[in-house]
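> Attaching a predicted model along with its sequence, questions to come.
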Amino acid sequence: MLLNLAGNNFSGSIPTWMPQNIAVVKLRSNQFAGNIPPQLCSLSYLIVLDLANNKLSGSIPHCLNNITTLVSKLFDYDESIKLGNSMVGYRHDYFMKIDLHTKGQELEYQKNLNYVRSIDLSANELSGEIPVQMFELTKLQSLNLSYNYLSGEIPELIGEMKNLESLDFSHNNLHGSIPQSMSGLSFLSDLNLSYNHLNGQIPSGTQLQSFDAWSYIGNLELCGPPLQKNCTIPKKTDNTGQVEGNEDDAFLKSMYLGMGLALLWDSG
C-alpha cells in the first residue's frame, strides 16, 4: 500500500494513523508542521519514508529501529503476519511506478520496490542529535537528513549500515570527527557531509577519498585528501607555554648545555 501526497499544499500535522501494511509514505513538499509522530515507528512494513521539504520541527523519533523492514533482521515477506486476532498469509510485492528522491536527484522506479529502502527528512526544521537508534537501520540504502538544525556527533555505529548507497548530512550543525568506520561502507556511492562543523582528518581509505572535495566543503577544520588542506599535528606545550619535545630532544639540549659550560670553564 502506498500513500503519495507529495507536491501539494497540505498543512497541519502528519497523520498519526496509517494502515499497518503501508509500504510507502511520501508527503514531501507540503506545509506539514509539528513533530514527526512516533506512531510511524509501528509501521513494520515501511520501506520508503519521505517527509522532505516541509516545516517539521523537534527531534527525530528514537523508535525508528522498530520498523522491521529497515533493521538487520532478515524479513520474510512470505511469512504469516498477525492482523487483528487472525493469522493471514501475506505477501508484499510492490510493483509500481513512483518517483523517489535519492542520490541527490529524482529517480523514477518501475520495478519491485521490495529492493528499495529509503528515509528522507531533509529541508525541515528538525533539531537535536541524530538518535543512535537510526544507525541500527542496517537495511537502509538511502538516508537524507540535510538542511536541518541537527547537532551532535556522527557515531561510530554508522559503520554498521553496510547497505548505504547514499548519505546526505549536509547543512546541519554536526561537529566532531568523521568516524573511521565510514571507510568501510563499500556500497556508498553518494556522500555529502558539507557545511557542518566537522573537524580532524578525513579517515584514510579508498572509499572516503574517492569522493570529490565538495562532499566535505564548509567544514573549516577538516583536513586531508580529497581536500587540499593538509593535516598538521600540533606540538604539545608544557605549563609554561613552551613547546614540549621528546626525550631525545631533552638529551641533546642537556648535552649541548654541558658542552657550553665546559668551554666556558676552559676559557676561564
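Happy to help now that I have it.

> Could you use CA atoms for every contact and neighbour count after this?
Noted.

> how far away is Ser189 from Gln207?
Ser189 sits at a distance of 9 Å from Gln207 (criterion: Cα to Cα, to the nearest Å).

> sorry, that was for Pro61
With distances taken as Cα to Cα, Pro61 is found 30 Å from Gln207.

> do the same with Met182
8 Å.

> right, and Asn192 touches Ser215 too?
Yes. Using Cα atoms under 8 Å, Asn192 is in contact with Ser215, at 4.4 Å.

> How many neighbouring residues does Ser44 have?
18 (other Cα atoms under 10 Å).

> can I assume it sits in a helix?
No. Read with DSSP: H, G, I helix; E, B strand; the rest coil, Ser44 is coil and lies in no helix.

> what residues are up against it?
Listed by Cα atoms under 8 Å, 6 or more residues apart in numbering, the contact set of Ser44 reads 20-21, 66-69.

> Include distance to Leu198, neighbour count and secondary structure when you put the residues you listed into TSV, please.
Below are the contacts of Ser44 laid out as TSV (distance: Cα to Cα, whole Å; neighbours: other Cα atoms under 10 Å; DSSP: H, G, I helix; E, B strand; the rest coil):
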residue	distance to Leu198	neighbour count	secondary structure
Gln20	39	14	coil
Asn21	39	16	coil
Asn66	30	18	helix
Ile67	30	17	coil
Thr68	32	20	helix
Thr69	31	25	helix
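
> could I get those residues as CSV with pLDDT and distance to Lys55?
CSV is the format used below for the contacts of Ser44 (pLDDT from 0 to 100; distance: Cα to Cα, whole Å):
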residue, pLDDT, distance to Lys55
Gln20, 88, 25
Asn21, 88, 26
Asn66, 94, 24
Ile67, 92, 23
Thr68, 90, 27
Thr69, 91, 27
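
> Check the residues you listed and tell me the two furthest apart.
Asn21 and Asn66 (14.2 Å; Cα to Cα).

> where's Ser186 relative to Leu208, distance?
From Ser186 to Leu208 the distance is 10 Å (Cα to Cα).

> In terms of packing, which of those two has more residues around it?
Leu208 (22 against 15).

> Name the nearest residue to the more buried one, sequence neighbours excluded.
Spatial nearest neighbour of Leu208, chain neighbours left out: Ser183 (5.8 Å); criterion: Cα to Cα, 6 or more residues apart in numbering.

> in stretch 115-124, what counts as buried?
117-124 (16 or more other Cα atoms under 10 Å).

> out of those, what pair is the most spread apart?
Between any two of the buried residues of stretch 115-124 (Cα to Cα), the greatest distance is 20.6 Å, for Arg117 and Asn124.
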